[in-house]
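[1] Pasting a predicted model and its sequence here:
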Number of protein chains: 2
Amino acid sequence: MSSVPAFKRLPRAVREQQMLDAAVKVFSRRGFHAASMDEIAEDAGISKPMVYAYLGTKEELFVACLHREGTRMMQAIAGAAAPDLPADERLWRGLKAFFGFVGAHRDGWAVLYRQARGEQPFAGELATMRARLVEVVAGMLDHALRAEGREIAAIDLEVVAYALVGATESLADWLADHPEAEPEKTATRMMNVAWLGAAQLLHGVTWRPPAD
Amino acid sequence: MSSVPAFKRLPRAVREQQMLDAAVKVFSRRGFHAASMDEIAEDAGISKPMVYAYLGTKEELFVACLHREGTRMMQAIAGAAAPDLPADERLWRGLKAFFGFVGAHRDGWAVLYRQARGEQPFAGELATMRARLVEVVAGMLDHALRAEGREIAAIDLEVVAYALVGATESLADWLADHPEAEPEKTATRMMNVAWLGAAQLLHGVTWRPPAD
DNA sequence: GCGTAACCCTACGCACGAGTAGGTATGCTC
DNA sequence: GAGCATACCTACTCGTGCGTAGGGTTACGC
């Protein structure tokens, strides 16, 4: 009809990324349930059936968002923390990369992850990622411990690593809520909590409950 | 019609508690959105309009759950950590009470809080409670610091406290997911991370980023 | 230049679940 | 035992938003 189409046709790969960008934005702003597929489609500059055609149902779309953001984050961390460095250096670099990533993707990260924690269908997805992180941190601690000829029970290691990861996620939330805060400074503060505590453990200092 | 009514009438106060019990259970199992008022009503052994009459809309009901569980938890902690004890003792008692509470209310706590974190209308409610906890922890650290004639910037204090609270919540999630785990042991592990780290900070040991 | 595949749309069906209208029975007060 | 408040029910309305049916248009290969 008109010789110039209102909006140009784009190849699938491009449109998919636009849709994912829009989805991340809308899911972040509204939360999973309050977000509507219509709004996501509109924000992506496309109609709803296209979203269904390319990315599937709402749940599948959300999972796709999680995956994209998650792997980006993991890559940022993995790229920074080379495995042959000493433990504190690795931890520091990992934290710096992590908070840097969160700082650069404030709406992306925090709200997506805050969402995913709550909604059952995605909690598992997230748990898997967290488990990978915990494993890495636990491995690092274990490595450092063995280097000192020391060893602690696997479960203690896991729980300590879990606590550290939890504290880190918590500060990521804090960072996402404080736009003026500097990621690197946050990483330093986290390091103060994590490393000074971990270092004590590495040197065999252990706290025990009073006998009362 | 029948001289014996199928189910007996109960005073409002009793029914409200039953409804709240049912609501906590169902919200925990299904999540806020997937939970239906019908299921909650059925679980409470009552019909839906009664729920609306007593506790209001679904959101109001959820807030009521949050409030009840939240104040119970706060009381458990406040009752344990007397303000005139030394810092480590207070922290230990507070943690023990906290994990004890979570252990005793596994579905209650964890899932409610996991829910509330994600859903925007309630995130504020939760943030307020968390802020109170952070304030308490920060106050405790500050108190201990001043006793040693030391002082650190308020924001650093806040962030460290935030990280500790985050780590604790994280372990609470872990505890809720591991029915066989002992609350007190979890509290001890948390103490190892929190206190050994905090103690370093209290003694003026600070980690600084490498100069590279 | 013609088939075919990829891109894209407007409109709808339909289920689900929040919230309500309108009414019944029970027990308490005086 | 009349009056009234409280406890309680069945059976609806109705908005919202996911997912789709069915059809149009552009580009690309041959």
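    In hand now; what should we look at?

[2] Show me the shaky parts of chain A.
    Along chain A, segments meeting pLDDT under 70 span A:1-7, A:202, A:204, A:209, A:212.

[3] rerun at 90
    Applying pLDDT under 90 to chain A picks out residues A:1-9, A:78, A:81-92, A:106-129, A:136-137, A:139-153, A:156-157, A:160, A:176-177, A:192-212.

[4] and the next element down the chain from the longest helix anywhere in chain A?
    The helix spanning the most residues in chain A, taking DSSP state H as the definition, is helix A:120-147. Next helix or strand after helix A:120-147 toward the C-terminus (DSSP states H and E): helix A:154-177.

[5] What residues of that following helix count as buried?
    A:156-176 (16 or more other CB atoms under 10 Å in any protein chain shown). C-beta coordinates here come from the backbone N, C-alpha and C atoms, glycine included.

[6] Distance of the residue of chain A found nearest DNA strand C relative to residue A:38?
    Of all residues in chain A, residue A:47 sits closest to DNA strand C, at 3.1 Å by CB to the nearest atom of the strand. According to CB to CB, to the nearest Å, residue A:47 and residue A:38 sit 9 Å apart.

[7] and chain A, which of its residues are near DNA strand C?
    Within chain A, the positions near DNA strand C by CB under 7 Å from any atom of the strand are A:7-12, A:15, A:46-50, A:53.

[8] List only buried entries from those residues.
    A:15, A:46.

[9] filter the residues of chain A next to DNA strand C down to the ones near DNA strand D?
    Among the residues of chain A next to DNA strand C, the residues within reach of DNA strand D (CB under 7 Å from any atom of the strand) are A:8, A:9, A:48, A:49.

[10] Chain A: strands as residue ranges?
    Counting by DSSP state E, one finds no strands in chain A.

[11] And the helices in it?
    Going by DSSP H, chain A shows helices at A:12-30, A:37-43, A:48-55, A:58-80, A:87-104, A:106, A:112-118, A:120-147, A:154-177, A:183-202.

[12] May I see the ones you listed organised as TSV, with distance to residue B:42 added?
    Converted to TSV, the helices of chain A look like this (distance: least, CB to CB, whole Å):
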stretch	distance to residue B:42
helix A:12-30	30
helix A:37-43	31
helix A:48-55	34
helix A:58-80	26
helix A:87-104	42
helix A:106	42
helix A:112-118	24
helix A:120-147	20
helix A:154-177	36
helix A:183-202	46
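
[13] Would you reformat these as a markdown table and include distance to chain B?
    Rendered in a markdown table, the data for those read as follows (distance: least, CB to the nearest CB, whole Å):
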| stretch | distance to chain B |
| --- | --- |
| helix A:12-30 | 8 |
| helix A:37-43 | 15 |
| helix A:48-55 | 21 |
| helix A:58-80 | 12 |
| helix A:87-104 | 7 |
| helix A:106 | 16 |
| helix A:112-118 | 3 |
| helix A:120-147 | 5 |
| helix A:154-177 | 2 |
| helix A:183-202 | 3 |
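
[14] Can you say which of these is nearest to residue B:128?
    Minimum separation from residue B:128 across the helices of chain A (CB to CB) falls at helix A:154-177, 13.5 Å.

[15] okay, that closest one in CSV with CA atoms only?
    The C-alpha trace of helix A:154-177 is given here as CSV (Å, rounded to 0.1, in the frame of the first residue of the first chain):
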residue,chain,number,x,y,z
ALA,A,154,32.5,-29.4,53.8
ILE,A,155,29.2,-28.3,55.3
ASP,A,156,30.8,-25.6,57.3
LEU,A,157,32.6,-24.4,54.2
GLU,A,158,29.4,-24.4,52.3
VAL,A,159,27.5,-22.4,54.9
VAL,A,160,30.2,-19.8,55.2
ALA,A,161,30.4,-19.4,51.5
TYR,A,162,26.6,-19.2,51.4
ALA,A,163,26.7,-16.4,54.0
LEU,A,164,29.3,-14.5,52.0
VAL,A,165,27.3,-14.8,48.8
GLY,A,166,24.2,-13.7,50.7
ALA,A,167,25.9,-10.7,52.1
THR,A,168,27.1,-9.8,48.7
GLU,A,169,23.7,-10.0,47.1
SER,A,170,22.4,-8.0,49.9
LEU,A,171,24.9,-5.2,49.2
ALA,A,172,24.0,-5.5,45.5
ASP,A,173,20.4,-4.7,46.4
TRP,A,174,21.7,-1.8,48.5
LEU,A,175,23.8,-0.6,45.6
ALA,A,176,20.8,-0.8,43.2
ASP,A,177,18.8,1.3,45.6
